[in-house]
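Trainee: Whatever this is, show me its structure:
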Amino acid sequence: MDYEALVVGGGHAGIEASLALSRLGYSTMLVTQNLDTIGQLSCNPAIGGLAKGNMVREIDALGGEMGRIIDKTMIQFRVLNRSRGPAVQAPRAQADKIAYRLRARKALDAEANLYLYQDTVVDFILGNEGGGTTTVEGVLTERGGRIGARVVVLTTGTFMNGKIFIGEWEKTGGRIGELAALGLGERLRAMGFDVGRMKTGTPARIHRRSLDANRMETQFGDEDIFGFSFGGDSIDRPMLPCYITYTNRKTHEIIRGHLGRSPLFSGRIAGVGPRYCPSIEDKVVKFPDRDRHHVFVEPEGLDSEETYLNGLSTSLPEDSQREFIRSIPGLERAELIRPGYAVEYDYLNPLELTPSLESKRIRNLFIAGQTNGTSGYEEAAAQGLMAGINAGRRLRSEGSLVLDRSEAYIGVLIDDLVTLGTKEPYRMFTSRAEYRIALRHDNADRRLFVRRKEAGLFNPEDIERFEAKRSKIEEIRCLLRERTLSEGELVTGKEQKAARNLEGLSPSEAAMVYAACREGESFEHLLRDPYVSIEDLIQIEPAIAKGASSDWLRQIELDIKYEGYLQREERHVRRFRKMEAVAIPGELNWEAVPGLSAESREKLRAVKPESVGQASRIPGVRSSDIAVILVTLGRD
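Mentor: Numbering: from 1, shown residues only. Below is the predicted model:
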């Protein structure tokens, strides 16, 4: 069997990579160990969150699938951090776990150029391009299959040499009840790749009927729901509540009493776990003064009785899990359906990748997802999409498409991986992005539509819809610039009235005084006032909202309110891009560059930065080293 492209693994990275390649017109095969678990939400049944929700909307803006899948399968929707600034707000949705997996499989089955095959990849078919460059030409499978391909995208997730731990019990596997992918990790080590071990985990699932909702806080989703996808389809699905409860001193005492049976503390797990999503054992040990920790009780689907205990990831024995879970309010009668467990697996050092996610060691081999040391469905999907796009560009003999840090959270993610590497599971946060004011979730389509066209993942309907939106937004902006506040027109937002409530005047009288002071001002200028909302202005001039969605109106309001911050950020971006534009030849001999420190030479050899900007972000490379590099390149 021979194909133009081959994708190894059917997780979130594999889904996006295979769809991108097939939609670009290439015959693509996706090889995975189990076709029935494509798109499985192995851990938390949710998509999005802080920074992660931004990435899902970026994936959609670039032509990916994750946003469309979650829009069709969500069972609760919330915008996180609504009370804070827009740079740190993000959408998050609970997913119907079964429906999500089926919808992902349906998307793959619908692609004419995409072929699915169930087997386990154990080795690569290698060739030589000349000049000593090793290339990948396909894969070998466990059952003796030989599949040729011009490009290969590797997305093995937690399955490569995976091992599961529950107390004293352990077994090879990538998920509980599923086989590990054995053989490929050893082969990669033999080929010289820097292969390490990482660890992640998941909590127990309990039966919904065993919950006592009266003893927990009910957490409803938002009433105002918008999609992750910019396609414009309305969300019309049943929504379910989640619940919040807390661990307590008794919970912590039980856990401490069983630490000797935990593989995390007995030394049987060598892999490094996620710092920002620790197990409950880790939290109890590392924060001994904390009396309680949050537990988010989340449904796994409309047709499932399984409930996810977010915050209780554990690898303690099953009897210990039952005991400490039943010490938590609302979970006293908890019926365990699946135990929590830890999984340890092989990952590849992402410093071995170029910014296009291509291996520096083997040409035409692209690597994405948890294989690169990341955690999270969203990080995996983002990498899979970009790896698929760049593998397609390689097939067309075109240059790579690389998003920079000022364009997208996806650009931050990939630059962090290939420049800084990672020794623990990487997770995206808003704090990692220097230009997060511009990287809002609501404007991802406007930021990245040109890049989507460059990638080739669009159709005429996409262009028509985007141009209609852009035209309408400009029409509203023009109206706001031209429309002024006339005599007698009141801006009466609650926040404005409270803030302007002058001593001795009622709120309505204060609003009249305020209006008189601002008579003749444009609506655009009024909207810069933090106490004036676009809804206030729509009350005066309904034409503002005509033909526009609430999401579009929110974008316009934020663009106007934060215009000064955005202009300041844009000045920083221009300086940043100036450094990014100075390319470093791949064949540059760092030993021949005089004046570099020994540490810098070592780091520069390892990373092989493609630009001076990337070189400046390598830990250990000093500003004086950057000056030397600029002189060497003739750019002093």
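
Trainee: Let me see the contact set for residue 621.
Mentor: Going by CB atoms under 8 Å, 6 or more residues apart in numbering, residue 621 touches 600, 603-604, 615. Bear in mind the C-beta positions are built from the backbone N, C-alpha and C, glycine included.

Trainee: and for the helix or strand containing residue 115, what are the contacting residues?
Mentor: Remark: residue 115 resides in strand 114-118, with elements defined by DSSP states H and E. Strand 114-118 is contacted from outside by 3, 10, 18-19, 21-22, 27-35, 38, 108-109, 147, using CB under 8 Å, 6+ apart.

Trainee: Quick one: find the helix or strand in the chain with the lowest mean pLDDT.
Mentor: helix 494-499 (a mean of 50; mean pLDDT, DSSP states H and E).

Trainee: Between the contacts of residue 621, which sits nearest residue 167?
Mentor: Proximity of the contacts of residue 621 to residue 167 (CB to CB) peaks at residue 603, which lies at 41.4 Å.

Trainee: Can you spell out which helices and strands pack onto the helix or strand in which that closest one is found?
Mentor: Secondary structure assigned from DSSP H and E places residue 603 in helix 598-607. For helix 598-607, the packing partners by 3 or more CB pairs under 8 Å, 6 or more residues apart in numbering; DSSP states H and E come out as helix 612-616.

Trainee: Quick one: the helices in the stretch 51-200 of the chain, in order.
Mentor: Ranges of helices in the stretch 51-200 of the chain, per DSSP state H, counting those that start in this stretch, are 52-61, 66-73, 97-109, 184-190.

Trainee: Mean neighbour count, these: which tops it?
Mentor: helix 52-61 (a mean of 28; mean count of other CB atoms under 10 Å).

Trainee: Contacts for it, please.
Mentor: For helix 52-61, the surrounding residues in contact (CB under 8 Å, 6+ apart) are 16, 47-48, 65-68, 70, 80, 90-92, 228-231, 376, 378-379, 381-382, 385, 408-410, 413, 428, 430, 439-442, 444-445, 447-449, 452.

Trainee: Narrow those residues to those in helices?
Mentor: 16, 66-68, 70, 378-379, 381-382, 385, 409-410, 413, 444-445, 447-449, 452 (DSSP state H).

Trainee: Just put the helices of the stretch 51-200 of the chain in a markdown table and tack on mean pLDDT.
Mentor: Converted to a markdown table, the helices of the stretch 51-200 of the chain look like this (pLDDT from 0 to 100):
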| stretch | mean pLDDT |
| --- | --- |
| helix 52-61 | 97 |
| helix 66-73 | 97 |
| helix 97-109 | 98 |
| helix 184-190 | 93 |
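
Trainee: between those, which one is nearest to residue 294?
Mentor: Short answer: helix 52-61, nearest of the helices of the stretch 51-200 of the chain by CB to CB, at 18.1 Å.

Trainee: follow-up on the earlier one: now do the helix holding residue 603: distance to the chain's middle.
Mentor: Counting by CA atoms, centre = their mean, to the nearest Å, helix 598-607 is centred 29 Å from the centre of its parent chain.

Trainee: Next: stretch 533-549.
Mentor: Relative to the mean C-alpha coordinate of its chain, stretch 533-549 is positioned 33 Å out (CA atoms, centre = their mean).

Trainee: now for that stretch, what's the gap between its first and last residues?
Mentor: 16 Å (CA to CA, to the nearest Å).

Trainee: Now do that stretch, average pLDDT.
Mentor: Throughout stretch 533-549, pLDDT has a mean value of 90.

Trainee: cool, stretch 313-326 as well?
Mentor: 96.

Trainee: What residues sit buried inside it?
Mentor: Buried residues in stretch 313-326, counting neighbours by 16 or more other CB atoms under 10 Å, are found at 313-318, 320-326.

Trainee: Same check on stretch 550-562?
Mentor: 552-562.

Trainee: For the nearest residue to residue 377 once chain neighbours are set aside, give me the pLDDT.
Mentor: Using CB to CB, 6 or more residues apart in numbering and skipping the chain neighbours, the partner closest in space to residue 377 is residue 12 (4.6 Å). pLDDT, residue 12: 98.

Trainee: my guess is residue 12 meets residue 374, correct?
Mentor: No - in this structure, residue 12 is not within contact of residue 374 by CB atoms under 8 Å, at 10.7 Å.

Trainee: the more surrounded of the two?
Mentor: residue 12 (35 against 27; other CB atoms under 10 Å).

Trainee: ok, now how distant is that one from residue 139?
Mentor: 20 Å (CB to CB, to the nearest Å).

Trainee: same deal with residue 596?
Mentor: Following CB to CB, the distance that separates residue 596 from residue 139 is 40 Å.

Trainee: From residue 348, how far off is residue 192?
Mentor: According to CB to CB, residue 192 and residue 348 sit 11 Å apart.

Trainee: Looking at these two, which has the bigger crowd around it?
Mentor: Ranked by neighbour count (other CB under 10 Å), residue 192 and residue 348 place residue 348 first, with 23 against 11.

Trainee: Correct me if wrong: residue 351 contacts residue 423.
Mentor: No - using CB under 8 Å, residue 351 is not in contact with residue 423, being 10.8 Å away.

Trainee: Show me which of the two is the more surrounded one.
Mentor: Set side by side, residue 351 and residue 423 show more neighbours around residue 351, with 19 against 11, by other CB under 10 Å.

Trainee: Output the contacts of residue 621 as TSV; include the columns distance to residue 571, pLDDT and neighbour count.
Mentor: Listed next are the contacts of residue 621 as TSV, based on distance: CB to CB, whole Å; pLDDT from 0 to 100; neighbours: other CB atoms under 10 Å:
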residue	distance to residue 571	pLDDT	neighbour count
600	28	88	22
603	29	90	21
604	29	91	21
615	22	92	23
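
Trainee: can I get those residues in TSV with distance to residue 215?
Mentor: Listed next are those as TSV, based on distance: CB to CB, whole Å:
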residue	distance to residue 215
600	58
603	54
604	58
615	56
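
Trainee: Pull up the distance across stretch 41-51, start to finish.
Mentor: Taking CA to CA, stretch 41-51 runs 19 Å from one end to the other.

Trainee: Could you list the domains of the chain?
Mentor: Annotated domains of the chain cover 205-344, 470-567, 581-632 [automatic domain parsing].

Trainee: so which of the ones you listed is the most packed in?
Mentor: Sort the domains of the chain by mean neighbour count, taking mean count of other CB under 10 Å, and domain 205-344 sits at the top with a mean of 18.

Trainee: Against residue 347, how distant is the nearest residue to residue 366 once chain neighbours are set aside?
Mentor: Spatial nearest neighbour of residue 366, excluding adjacent residues (CB to CB, 6+ apart): residue 387 at 4.1 Å. Separation of residue 387 from residue 347 (CB to CB): 15 Å.

Trainee: Likewise for residue 367?
Mentor: Distance of residue 367 to residue 347, computed by CB to CB: 10 Å.

Trainee: again with residue 433
Mentor: Counting by CB to CB - residue 433 and residue 347 are separated by 23 Å.
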